[in-house]
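Chemist: Need coordinates for the below:
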Amino acid sequence: MANKLKGVLSGAGFYAALGICLVTAAVAGWFLLLDDSGGTGETETPPVEAAAPAEVPAEISEAPAEPEVPAAPSEPAPAAEVPAAAMPEVSVPEPEVPVAAEAPQLVVSPLSGKVVTAFSVDQLVYSETMGDWRTHDGIDISAQAGTKVLAASAGTVLAVEDDALMGTTVTLRHSGGYQTTYACLQATPAVEQGDTVTAGQVIGAVGTTAAAESAQGPHLHFSVTKDGDAVDPKEYLNK
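Modeler: Numbering: from 1, shown residues only. Sure, this is the predicted structure:
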């Protein structure tokens, strides 16, 4: 028996036995592998966690169009020159009522003669008739009795009176606030109160009626006032 077993283990029999053992082990291992995988023959693979979906970016709107930059205004073209002939003519309407030109104020000397007493309201002058020193608000013009006396300017006869000191006196009112007085006239003058006279019109004649100036003989006492204030008659006659 022992010799028989020894013969098997030696030689070709040994290799045959070894091959059977390997095949048996391989089959056993195969079945063990099937039992571990649930008999499906497929290897269980662990579940793969699905990756979170990537956030989809919001729809990108188109880039805003750049604002249009208005073109710089060009310099205005110079206005075309209008020929002089094309300019409308402006006519000035004539006034409905024509304005009449006024003649300048005419002033004449009431009498030609020598001034024997000058105008003096700032200084006293000696009166030969009264024998004292006093002011003199006019000028005394010497002339023969009966010499015509003229209105120095156009105006209205304001008064005709017989003054106790200055004798027969005529007062005229003129424009501009002026008044002229003619004293020491003959008793009957040529005008009456209210009359309108023109420059150079005869209003009376030289007399000797002024008691306060009788020492001077026949003469005209001529005085002028402007708004009530005494004015040098020479300035009035030469204005």
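Chemist: which strands and helices sit next to the host helix or strand of Ile141?
Modeler: Element membership for Ile141, per DSSP states H and E: strand 138-142. For strand 138-142, the packing partners by 3 or more Cβ pairs under 8 Å, 6 or more residues apart in numbering; DSSP states H and E come out as strand 114-117, strand 219-226, helix 233-237. Yep, even glycine has a C-beta here, placed from its N, CA and C like the rest.
Chemist: Within its sheet, name the partner strands of it and how each one runs.
Modeler: Partners of strand 138-142 in the sheet, by DSSP bridges, are strand 114-117 (antiparallel), strand 219-226 (antiparallel).
Chemist: could you dump the helices and strands packed on strand 138-142 to TSV with mean pLDDT, mean neighbour count and distance to Val107?
Modeler: As requested, those are exported to TSV (pLDDT from 0 to 100; neighbours: other Cβ atoms under 10 Å; distance: least, Cβ to Cβ, whole Å):
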stretch	mean pLDDT	mean neighbour count	distance to Val107
strand 114-117	94	14	17
strand 219-226	98	22	10
helix 233-237	94	17	6
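Chemist: Any idea which of the ones you listed gets closest to Ala154?
Modeler: helix 233-237 (13.8 Å; Cβ to Cβ).
Chemist: how about that closest one as CSV, C-alpha atoms only?
Modeler: Provided in CSV are the C-alpha atoms of helix 233-237 (Å, rounded to 0.1, in the frame of the first residue of the first chain):
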residue,chain,number,x,y,z
PRO,A,233,-34.6,197.9,-14.5
LYS,A,234,-31.3,197.9,-16.5
GLU,A,235,-31.0,194.1,-16.2
TYR,A,236,-34.7,193.7,-17.3
LEU,A,237,-34.2,196.0,-20.3
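Chemist: before we move on, back to that, among the strands paired with strand 138-142, which comes closest to Ala151?
Modeler: strand 219-226 (11.2 Å).
Chemist: Kindly export the closest one (C-alpha atoms) in PDB.
Modeler: What follows is strand 219-226, C-alpha atoms only, in PDB (Å, rounded to 0.1, in the frame of the first residue of the first chain):
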ATOM      1  CA  HIS A 219     -38.800 212.600 -15.300                       C
ATOM      2  CA  LEU A 220     -40.100 209.000 -15.400                       C
ATOM      3  CA  HIS A 221     -39.700 206.800 -12.400                       C
ATOM      4  CA  PHE A 222     -39.400 203.300 -13.800                       C
ATOM      5  CA  SER A 223     -39.300 200.200 -11.600                       C
ATOM      6  CA  VAL A 224     -39.400 196.400 -12.100                       C
ATOM      7  CA  THR A 225     -40.300 193.400  -9.900                       C
ATOM      8  CA  LYS A 226     -39.900 189.700 -10.400                       C
END
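Chemist: what sits opposite Val160 in the beta ladder?
Modeler: Taking DSSP bridges as the rule, Val160 bridges to Val170.
Chemist: what do you get for Val115?
Modeler: With DSSP bridges as the criterion, Val115 is bridged to Ile141.
Chemist: Who are the contact partners of it?
Modeler: Taking Cβ atoms under 8 Å, 6 or more residues apart in numbering as the criterion, Val115 is in contact with 139-142.
Chemist: Among those, which one lies nearest to Thr188?
Modeler: For the contacts of Val115, the closest approach to Thr188 (Cβ to Cβ) belongs to Ile141, at 20.3 Å.
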